[in-house]
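*Asks:* Sequence unavailable; structure follows:
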DNA sequence: CAACGTCATAACGCTTCCGGAACAATTATC
DNA sequence: GATAATTGTTCCGGAAGCGTTATGACGTTG
């Protein structure tokens, strides 16, 4: 059984989750930042700047800047790759894991409240 | 039947939709901007700056700036309320309606692809 | 070991956004 | 009709984003 959403449900879900996040005063991440954050936490490591840039179809400075901002928020960390010291490996953090987990809970809760 | 999502599904859905948007080179809207845009298009009008600020729990300048940016993208419009000329009514646009509709389609498509 | 790739970041000029305070325009109240 | 309240915008210094280009560190190849 695949997840079947009707148009009004899909948009309403997104709205309700976004509203919840804004109302809760959470960090106002952009779509790009969310894509990076979730990719780091959902896809298997390692994650490099170049790899993320390629996956998102953006330039490397875009990734560097996003990592700067989310790093200041402790949502991700950075570490030199000792095997190839040109690479920077994006590391998960405890705070980031908690953030992502909580975010998933919000989605589930709002999905449950959707009108049929 | 309510929409029941498991934790991994909810986060994966959000990631896939965000990735689709970024890869497609769509406007990189923040969570706040998405909340405003979807509220304007999903909730019944009229929408005022003050009303949106109250609903999102942010200050009025935040709404003004978001409307500036999304107005430049033609996603929303503004119109003076002739009944009470202090008010500004946020108007929907053709471009905005198409944007929102397309976005809903992306959510549905990614939801359908979710692993069980 | 020198020349060339590759990686991530820094630098550049510009735009957007922030929170908070001040503002002009409009309406309500006395 | 003067005063007060309300609405949305503008202004402030500062932070963060953009795309593009340049740079520095590291690895690979001749």
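*Replies:* Nice, thanks for sending it over. Here the structure is a predicted model, which means the values were calculated and not measured. Residues are numbered from 1 along each chain as shown, chains lettered A, B, ... in the order given.
*Asks:* can you pull the contacts of residue A:103?
*Replies:* A:21, B:11, B:14 (CB atoms under 8 Å, 6 or more residues apart in numbering or on different chains). For glycine as for every other residue, the C-beta is placed from the backbone atoms N, C-alpha and C.
*Asks:* er, residue A:37 I mean
*Replies:* Residue A:37 touches A:29, A:70, A:75-76, A:96, A:99-100, counting by CB under 8 Å, 6+ apart.
*Asks:* What's the separation between it and DNA strand C?
*Replies:* Applying CB to the nearest atom of the strand, to the nearest Å, the value for residue A:37 to DNA strand C is 15 Å.
*Asks:* now residue A:50
*Replies:* As judged by CB to the nearest atom of the strand, residue A:50 and DNA strand C stand 3 Å apart.
*Asks:* And for residue A:26?
*Replies:* Counting by CB to the nearest atom of the strand, the gap from residue A:26 to DNA strand C is 11 Å.
*Asks:* where does the residue lying closest to that residue once chain neighbours are set aside land on pLDDT?
*Replies:* Nearest non-adjacent residue to residue A:26, counting by CB to CB, 6 or more residues apart in numbering or on different chains: residue B:31, 7.6 Å away. Residue B:31 is assigned 95 on the pLDDT scale.
*Asks:* all helices for chain A, in order.
*Replies:* Applying DSSP state H to chain A gives helices spanning A:7-23, A:31-42, A:49-56, A:60-72, A:94-112.
*Asks:* that older thread, reformat the contacts of residue A:103 as JSON lines; add neighbour count, pLDDT and distance to residue B:104.
*Replies:* Conversion of the contacts of residue A:103 to JSON lines gives the following (neighbours: other CB atoms under 10 Å in any protein chain shown; pLDDT from 0 to 100; distance: CB to CB, whole Å):
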{"residue": "A:21", "neighbour count": "21", "pLDDT": "95", "distance to residue B:104": "19"}
{"residue": "B:11", "neighbour count": "21", "pLDDT": "96", "distance to residue B:104": "19"}
{"residue": "B:14", "neighbour count": "25", "pLDDT": "96", "distance to residue B:104": "14"}
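*Asks:* these two touch, right, residue A:107 and residue B:3?
*Replies:* No. Using CB atoms under 8 Å, residue A:107 is not in contact with residue B:3; the gap is 10.1 Å.
*Asks:* So which bits of stretch A:58-76 are buried?
*Replies:* Neighbour counts over stretch A:58-76 (16 or more other CB atoms under 10 Å in any protein chain shown) mark A:58, A:62-63, A:66-67, A:70-71, A:75-76 as buried.
*Asks:* ugh, typo on my part, it should be stretch A:26-46
*Replies:* Buried residues in stretch A:26-46, counted by 16+ other CB under 10 Å: A:29-41.
*Asks:* Quickly name whichever of those is closest to DNA strand C.
*Replies:* Nearest to DNA strand C out of the buried residues of stretch A:26-46 is residue A:30 (CB to the nearest atom of the strand; 9.1 Å).
*Asks:* Low-confidence bits of chain A, can you list those?
*Replies:* Low-confidence regions of chain A, defined by pLDDT under 70, span residues A:1-2.
*Asks:* At the contact with DNA strand C, which residues of it appear?
*Replies:* Within chain A, the positions adjacent to DNA strand C are A:28, A:48-51, A:53, A:60-61, A:63-64, A:67, A:78, A:86-88 by CB under 7 Å from any atom of the strand.
*Asks:* please redo it, this time with the cut-off set to 6 Å
*Replies:* Residues of chain A lying close to DNA strand C (CB under 6 Å from any atom of the strand) are A:28, A:48-50, A:60-61, A:64, A:67, A:78, A:86-88.
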